[in-house]
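Trainee: Please work out how this folds:
(one chain, ligands or ions: 2)
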Amino acid sequence: MIDPFGRSITYLRVSVTDRCDLRCVYCMAEDMHFLPKAQVLTLEELERLCAAFIRLGTTKIRITGGEPLVRRGVMSLFQGLGSRLGDGLKELTVTTNGTQLAKYATQLVDAGVRRINVSLDTLDPAGFTVMTRWGRIEPVLEGIFAAKAAGLAIKINTVAMQGVNEAEFDRLLAWCGEHGFDLCLIETMPMGEISEDRTDQYLPLSLVRARLRRRWTLTETDYHTGGPARYFDVAETGRRVGFITPMTHNFCESCNRVRLTCTGTLYMCLGQNDDADLRAVLRAGASDAALDAAILEAITRKPKGHDFVIDRRNDRPAVARHMSVTGG
Ligand code: SAM
Ligand code: SF4
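Mentor: Ligands and ions are numbered 1, 2, ... in the order given. You can find the predicted model right below:
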């Protein structure tokens, strides 16, 4: 799959549910309305769509959400996709908040998952409860260590928020170094109404990096995971720290990914509204060839780049859907 700007599309991110057991303040409103079940694809439908993408050249699939590991029966999807590893698919991975990892870490490894991303914005138990509105950090830490014990390589994702966790990054970097995890810092993106002021949350990572450099020796590397992060080696820990800066750095030129939601909507760009309704195609009884054609047509509409801006006067997000819908 080659898009109109010559980018090869090899990476599919699949949101398997819009639901979550947490309510991170930058991601969701407290009183979220979730989708009725009939609108959500079954796990079999999701697997059929993923199979079509693999057929068309997708080599990496990331399962995300909402919280993917709260979807009932989700391990059957991991097992189904895992059985395609080596047969077109090269990597199957997941982004999770970690609350269910203690239960599923071994099953993920058995399905063929080797690396996972776990979101953790703070190591402070009280701060964790504030950032997730009601979560407890203990099951998450337990899940992270279960994943490590099961042999999974772990990257910790941390959303940088002004005045909330900005004093935490030295500690997180040291903790990740101690346990052998990479750390990836992410700027908040203006997606979905969240009942808080976005402009208060935004913290540019250029500033965070400059502050980290006071204590750590960071050397830029050309390490890439196929995602949008820029990585630096941390001399003191022997691990890496990545920065995802959609707001300050244009990461679109090397974009190799598209996103599928749990309703079968394909978004060709995280920061644009153009989409393709693959559920309608599936449920109309499309053949594999017709499904492939619908996907290829969508790829011809992949935009050149996102257009994230915070509409400061009206304090409206640039993109109305939440990250939990599109999948982070
Ligand atoms: N529930 C899982 C988790 O938290 O890892 C997977 C889905 S979550 C939407 C994926 C990633 O998106 C998380 O790392 C989360 O911190 C990030 N995220 C959510 N909303 C965001 C926003 N508005 N700006 C930047 N990152 C966001
Ligand atoms: Fe849930 Fe992940 Fe969104 Fe937090 S970031 S509310 S864990 S989907």
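
Trainee: and the stretch 1-150 of the chain, which residues reach ligand 1?
Mentor: Counting by CB under 6 Å from any ligand atom, the positions of the stretch 1-150 of the chain adjacent to ligand 1 are Cys20, Tyr26, Cys27, Thr64, Gly65, Glu67, Thr95, Thr96, Asn97, Ser119. C-beta: built from backbone N, CA, C; applies to glycine.

Trainee: Need the max-distance pair from the residues you listed.
Mentor: Using CB to CB, those span at most 16.9 Å, a distance reached by Tyr26 and Thr96.

Trainee: Pick out whichever of the two has more residues nearby.
Mentor: The neighbour comparison of Tyr26 against Thr96 (other CB atoms under 10 Å) goes to Thr96, with 25 against 22.

Trainee: Spit out the contact partners of that one.
Mentor: By CB atoms under 8 Å, 6 or more residues apart in numbering, the residues touching Thr96 are Glu67, Pro68, Leu69, Ile116, Asn117, Val118, Ser119, Gly143.

Trainee: Phi and psi next, for the first one.
Mentor: In this entry, Glu67 is assigned phi and psi values of phi -100, psi 110 (degrees, to the nearest 10).

Trainee: Any figure for the gap between the closest residue to it other than its chain neighbours and Val70?
Mentor: In this structure, Glu67 finds its nearest non-sequential neighbour in Cys20, 4.2 Å apart by CB to CB, 6 or more residues apart in numbering. From Cys20 across to Val70, the span is 7 Å (CB to CB, to the nearest Å).

Trainee: The two: who's more crowded?
Mentor: Cys20 (22 against 18).

Trainee: Go ahead and confirm the more buried one touches Leu69.
Mentor: No: contact criterion CB atoms under 8 Å: Cys20 and Leu69 do not qualify, at 10.1 Å.

Trainee: if we can go back for a sec, could I have the ChimeraX command that selects the buried members from the residues of the stretch 1-150 of the chain next to ligand 1?
Mentor: Only the buried entries of those go into this ChimeraX selection, using 16 or more other CB atoms under 10 Å:
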select :20,26,27,64,65,67,95,96,97,119
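
Trainee: Among the residues of the stretch 1-150 of the chain next to ligand 1, which lie within strands?
Mentor: Thr64, Thr95, Thr96, Ser119 (DSSP state E).

Trainee: List just the nearest of these to ligand 2.
Mentor: Ser119 (5.6 Å; CB to the nearest ligand atom).
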